[in-house]
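A.B. asks: only geometry, no sequence info:
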């Protein structure tokens, strides 16, 4: 058994990213959310008119159990 992150917004799965524990999958998701926030901030700073920062919501995700 393993765990993976399933993103709700676009149905994106990290096919290769299967973790041994749920905590590892949570840590991975937290890292990806941090990357999302950082990227949004960089885009906003580079061109605030095209990339407004207001109303940005984090993508939703679920940790699902999978058979390896």
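C.D. replies: Great, that's in hand. Please read these numbers as outputs of a predicted model, since none were measured by experiment. Residues are numbered from 1 along each chain as shown.

A.B. asks: so where does residue 23 fall, helix or strand?
C.D. replies: helix 22-46 (DSSP states H and E).

A.B. asks: what's that helix packed up against?
C.D. replies: Secondary-structure packing of helix 22-46 (3 or more Cβ pairs under 8 Å, 6 or more residues apart in numbering; DSSP states H and E): strand 2-7, strand 61-66. C-betas here are computed from N, CA, C, even on glycine.

A.B. asks: Neighbouring strands - and their directions - for the last one?
C.D. replies: Read it as strand 61-66. strand 2-7 (antiparallel) (DSSP bridges).

A.B. asks: so how far is residue 41 from the most far-flung residue of the chain relative to its centre?
C.D. replies: Here the chain reaches farthest from its C-alpha mean at residue 49, the gap being 24.7 Å by Cα atoms, centre = their mean. As judged by Cβ to Cβ, to the nearest Å, residue 49 and residue 41 stand 15 Å apart.
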